[in-house]
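# Take this sequence and fold it.
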Amino acid sequence: MNQTIPIKNSKDYEIPESYAVYTLSPHEKIKFLFLCGFGLMAISYLFYHSAMLSLLFSCLAYPGLSPYRSHLAEKRRREMKEQFRDVLYSISAFVSTGRQMPEALYEAEQSMKLIYKEDSLIVLELAYMVKRLKEYRESEEEILKDFASRTRIEDIADFVDIYLTCRETGGDLIKVLTKASEIIMDKIAIEKEIHGITVQKQFEAKILTAIPFLILLFLQIVSPDYLSTMYEGIQGRLLMTIALGGIASAYVWSMQLTKIEV
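Below is the predicted model of the structure:
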């Protein structure tokens, strides 16, 4: 797994200290600033034909680091949630055969290694859990609570709460965990399907947003004199600013409309 915050007292595994925070590496920062800055310069020059304004617009790439980090953090949490669905299936299967939770976690780690890569989020997390169980002799309750706290994923927190409640009250652990796992897995599957639909709609919105830029570029290549008045004087630049602001507002609005939470 790339660019994560190492957990204290863990030299073997690189896992996030908090899934709500994503720390960009120097390489990721440089890559984002270069690509975003170049894109902003191109858009600015397309609308204003001014090298000075293009350089000023490129500076807006730096404030974009914060939403970019949030986007990567959310992407990582979504990846963990989808992978956790397979862990739930594995744990419920092993628990139903009479295995205890520590044994189920170990078996789940072996199963996930057959499905995902060695450096995938869930494999690293399970390996860290097993390491804490075997070497540090920590209880599974502490380990699971720490896992839920770091991921800040509702489905994981619900599963951990159900398990801890069953342990404290002496409920039918096998029956309750199996039923809870089924409900959580169904919820994750529905969320994944909805996310797939929203990603498709967002892609369509991006295409629609790109059309005005392509039209403007086409007109400047085919007939540069057609829009020459828009690049001269205050009125022309004001109209181009309004047009650019309208396109940006429409894009932001379309992204908000396609953002659905379950």
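
# Which helix or strand lies directly C-terminal to the strand or helix carrying residue 84?
Element membership for residue 84, per DSSP states H and E: helix 65-96. On the C-terminal side of helix 65-96, the nearest following helix or strand under DSSP H and E is helix 101-115.

# Packing partners of that following helix?
helix 65-96, helix 121-134, helix 140-151 (3 or more Cβ pairs under 8 Å, 6 or more residues apart in numbering; DSSP states H and E). For the C-beta atoms, the positions are set from N, CA and C on the backbone; glycine is no exception.

# Buried residues, the last one. List them.
Meaning helix 140-151. The neighbour-count check on helix 140-151 (16 or more other Cβ atoms under 10 Å) flags 140, 143, 144, 145, 146, 147, 148, 150, 151 as buried.

# and the fourth one, what is it in contact with?
Going by Cβ atoms under 8 Å, 6 or more residues apart in numbering, residue 145 touches 160, 164.

# And it, how close does it get to residue 42?
To residue 42, residue 145 is 49 Å away according to Cβ to Cβ, to the nearest Å.

# before we move on, back to that, how far off helix 101-115 does the helix holding residue 84 point, in degrees?
Helix 65-96 and helix 101-115 are oriented at 120 degrees to each other (axes from the mean of the first three to the mean of the last three Cα atoms, to 10 degrees).

# mind starting the numbering at 655 from now?
Got it, the first residue is 655 from now on, which makes the last one we talked about helix 719-750.

# in helix 719-750, what counts as buried?
In helix 719-750, counting by 16+ other Cβ under 10 Å, buried: 722-723, 726-727, 730-731, 734-742, 744-749.

# okay, now residue 757: neighbour count?
Using other Cβ atoms under 10 Å, residue 757 has 15 other residues around it.

# how about the nearest residue to it once chain neighbours are set aside, what does it touch?
Distances taken as Cβ to Cβ, 6 or more residues apart in numbering place residue 748 nearest to residue 757, at 6.8 Å, with adjacent residues excluded. Applying Cβ under 8 Å, 6+ apart to residue 748 gives the contacts 757, 758, 761, 762.

# what do you get if the cut-off is 10 Å, keeping everything else the same?
754, 755, 757, 758, 759, 760, 761, 762, 765 (Cβ atoms under 10 Å, 6 or more residues apart in numbering).

# Quick check: the farthest pair among those?
The two members of these with the most space between them (Cβ to Cβ) are 754 and 765, at 16.4 Å.

# Look through this structure and tell me its longest helix.
helix 827-876 (DSSP state H).

# what packs against it?
Identification of packing neighbours for helix 827-876 by 3 or more Cβ pairs under 10 Å, 6 or more residues apart in numbering; DSSP states H and E yields helix 680-702, helix 719-750, helix 755-769, helix 808-823, helix 887-911.

# spatially speaking, which residue is in the middle of this protein?
Centroid-nearest residue in the chain, with Cα atoms, centre = their mean: residue 729, separated by 1.1 Å.

# residue contacts, that residue?
Per Cβ under 10 Å, 6+ apart, neighbours of residue 729: residue 676.

# What pLDDT is listed against it?
At residue 729, the model reports a pLDDT of 93.

# try residue 877
In this prediction, residue 877 carries a pLDDT score of 85.

# ditto for residue 733
Confidence for residue 733, expressed as pLDDT, is 94.

# Equivalent analysis for residue 656, please.
On the pLDDT scale, residue 656 gets 41.

# One more: the one 3 residues further on?
Looking at residue 659, its pLDDT stands at 42.

# try residue 856
92.

# Counting neighbours, show which residues of stretch 698-712 come out buried.
Buried residues in stretch 698-712 (16+ other Cβ under 10 Å): 698, 701, 702, 703, 708, 711, 712.

# do the same with stretch 853-863
Under the neighbour-count criterion of 16+ other Cβ under 10 Å, stretch 853-863 has 856, 859, 863 buried.

# Quick check: the second one touching residue 904?
Yes - taking contacts as Cβ atoms under 10 Å, residue 859 lies within contact range of residue 904: 8.4 Å.

# so what's the nearest residue to residue 848 once chain neighbours are set aside up against?
Once flanking residues are discounted, residue 848 sits nearest to residue 914: 5.7 Å by Cβ to Cβ, 6+ apart. Applying Cβ under 10 Å, 6+ apart, we find residue 914 in contact with 845, 848, 849, 851, 852, 855.
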